[in-house]
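> One predicted model, sequence on top.
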Amino acid sequence: MKKELVFSGVQPTGNLHLGNYLGALKNFVSLQKSKSCLYCVVDLHAITTFQNPKELNSNILETTAGFLASGLDSNKSIIFNQSSVSGHAELAWILNCVCRVGWLNRMTQFKDKAGKNRDNASLGLYAYPVLMAADILLYHADKVPVGDDQKQHLELTRDIAHKFNTDYNHEYFKLPDPIINKDAPRIMSLRDANNKMSKSDVSKYSRILLTDSNDEISTKISKAKSDSLKMPSSSDELSERPEINNLITIYSSISNIDKDSVINLFCDKEISFFKSELKDIVISLVEPISSNINEIKSDISFLKTTLEDGAMQATERARKTIDEVNKLMGFSID
Ligand code: AQP
């Protein structure tokens, strides 16, 4: 039986953080055991907000190193950067003409990222979800592992695929399904549990990076916002205590112990005691990844070869889709 196809991407907009790992990368790694996977450093997405070209270039390599250090294997998965496969941009244009403006107007990520200064946001930021749809549909992906914040974009991808199929009278595109890690759908900022942990948050204390030293992790967890109560005795308390809920989610996801069991384990203990146990568990996850990143990053030619090999394999698959789509659209003159 043909293996299901998995596609996902990460923006090279800075160092990877615990939210990226628990929400997405952890699933990327486990899926490569049983599925046919393509994992992409989505540099075209990154430029929807200004990127210094030198920094972008080094972040592409850094993100690739983060992929490999977290357990992705270029012998099992196709690993590449988006701009080196022209099919992403080609299909995105066609899908721009399929997607409705009203659909994009509902996207909450654009509203969050553009903020109040919407007129000054790039057109690319607005059309970001269409490029994401192109990424996924280009390879006819069945499954897309993403954090909960991308769920709405996946729904839009399905709407675009459905309209393309309806307009061009073919069941051409599959409607992909998201895979969202139930244990860690959305890791929140350590400084403000109303916002997700993010690379672009101004406070470095809001996120734990996969490159953080043990001391940095300890400091960030000590400073993580909490409250003055003891640890909860039941999950009913969590909705009123979002910061503690977030820290328990992190503990649970890393230790693979469900949240109720974590609550039982620390019931009525001091938060400082819990934080010190949390530090140990986060360090046990991040320390080996961080040292792998440093080792892999030092071998630039290995990273470049990995991306080039991946781009060659991805291009072959993408070309087939673009040729078929061109035919369906009426572009290819026989
Ligand atoms: N806090 C999070 N919790 C769970 N999953 C998360 N993801 C991101 N943040 C969290 C998931 O990680 C994958 C890659 O995300 P991305 O870097 O491509 O884009 P993003 O969602 O915009 O991440 P950031 O960190 O917030 O980047 P910036 O600050 O540059 O915009 C996605 O699957 C995402 O869901």
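Received, thanks. Numbers count the residues shown, from 1 in each chain.

> Kindly export the lowest-mean-pLDDT helix or strand in the chain (C-alpha atoms) in CSV.
Scoring the helices and strands of the chain by mean pLDDT, DSSP states H and E places helix 108-114 at the bottom, with a mean of 93. In CSV, the C-alpha atoms belonging to helix 108-114 read as follows (Å, rounded to 0.1, in the frame of the first residue of the first chain):
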residue,chain,number,x,y,z
THR,A,108,-6.8,35.6,12.5
GLN,A,109,-3.1,35.3,12.1
PHE,A,110,-3.0,38.2,9.6
LYS,A,111,-5.0,40.3,12.0
ASP,A,112,-2.6,39.4,14.9
LYS,A,113,0.6,39.9,12.9
ALA,A,114,-0.5,43.0,11.0
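
> which other residues reach that helix?
Outside helix 108-114, the residues that touch it by C-beta atoms under 8 Å, 6 or more residues apart in numbering are 49, 104, 121, 125-126, 128-129, 149, 152-153. All C-beta atoms are positioned from the backbone trio N, CA, C, and that covers glycine.

> buried stuff in that helix?
110, 113-114 (16 or more other C-beta atoms under 10 Å).

> The very next helix or strand once past that helix and the ligand in contact?
Later in the chain than helix 108-114, the nearest helix or strand by DSSP states H and E is helix 123-138. No: Helix 123-138 is not in contact with the ligand by C-beta under 6 Å from any ligand atom; minimum separation 9.3 Å.

> helices and strands around helix 123-138, which ones?
On a contact count with 3 or more C-beta pairs under 8 Å, 6 or more residues apart in numbering; DSSP states H and E, helix 123-138 meets strand 5-10, helix 43-46, helix 87-96, helix 101-105, helix 108-114, helix 151-167, helix 300-329.

> between the ones you listed, which gets nearest to the ligand?
The ligand sits nearest to strand 5-10 of all these, at 4.1 Å, using C-beta to the nearest ligand atom.

> Give me the contacts around the helix or strand just after the closest one.
Once the chain leaves strand 5-10, the next helix or strand it forms, by DSSP H and E, is helix 18-20. Helix 18-20 has contacts (C-beta under 8 Å, 6+ apart) with 10, 147, 184, 186-187, 196-199, 207-210, 250, 282, 286.
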